[in-house]
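Colleague: sequence and computational prediction follow.
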Amino acid sequence: MSIYVGNLSYEVTQDALNSVFAEYGSVKRIQIPTDRETGRLRGFAFVEMGTDAEETAAIEALDGAEWMGRDLKVNKAKPREDRGSFGGNRGNGGGYGGRSRY
């Protein structure tokens, strides 16, 4: 299982996240997604800890804590949903009421 860490500063680094989470146990992996087009950080990350107890301790200590000027949102990550090949079902032709734009 992994931890979702939201509302991160766009200046965050893997080393900085590692040092914060290492206070609660061994950090196995950190993933900080970036925007495909701009390369900019997306403001959230996933952290895997060594044990469930370490994850629980980190979640309880860090959820709502202020770090780098932001209040963190920290919880167990939910399994990724299958969005299909077009980024999900947006209904009604992608928000255009089913009518063609052209």
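Modeller: The structure has been received and is ready for your questions. Numbers count the residues shown, from 1 in each chain.

Colleague: which residues does K73 contact?
Modeller: The contact partners of K73, taken as Cβ atoms under 8 Å, 6 or more residues apart in numbering, are Y4, V5, G6, N7, D63, G64. Yep, even glycine has a C-beta here, placed from its N, CA and C like the rest.

Colleague: which residues are in contact with the fourth one?
Modeller: In other words, N7. For N7, the set of contacting residues under the criterion of Cβ under 8 Å, 6+ apart consists of G43, F44, R70, D71, L72, K73.

Colleague: which of those residues fall within strands?
Modeller: Applying DSSP state E to the contacts of N7, the entries found in strands are F44, R70, D71, K73.

Colleague: just these now: which is nearest D35?
Modeller: Minimum distance to D35 across the ones in strands among the contacts of N7 is 11.6 Å, recorded for F44 (Cβ to Cβ).

Colleague: and the closest one, how close does it get to T51?
Modeller: Noted for F44: a distance of 23 Å to T51, by Cβ to Cβ, to the nearest Å.

Colleague: biggest helix in this protein, by residue count?
Modeller: Assignment by DSSP state H gives helix 52-62 as the longest helix of the chain.

Colleague: rewinding a little: now the contacts of N7 as CSV including pLDDT and distance to V27?
Modeller: Rendered in CSV, the data for the contacts of N7 read as follows (pLDDT from 0 to 100; distance: Cβ to Cβ, whole Å):
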residue, pLDDT, distance to V27
G43, 96, 20
F44, 97, 16
R70, 97, 20
D71, 97, 22
L72, 98, 16
K73, 98, 19
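
Colleague: got the contact list for the closest residue in space to I59 that isn't next to it in sequence?
Modeller: The spatially closest residue to I59, leaving aside those adjacent along the chain, is V74, at 5.2 Å (Cβ to Cβ, 6 or more residues apart in numbering). With contacts defined as Cβ under 8 Å, 6+ apart, V74 is in contact with I3, Y4, V5, G6, A58, I59, L62, D63, G64, A65.
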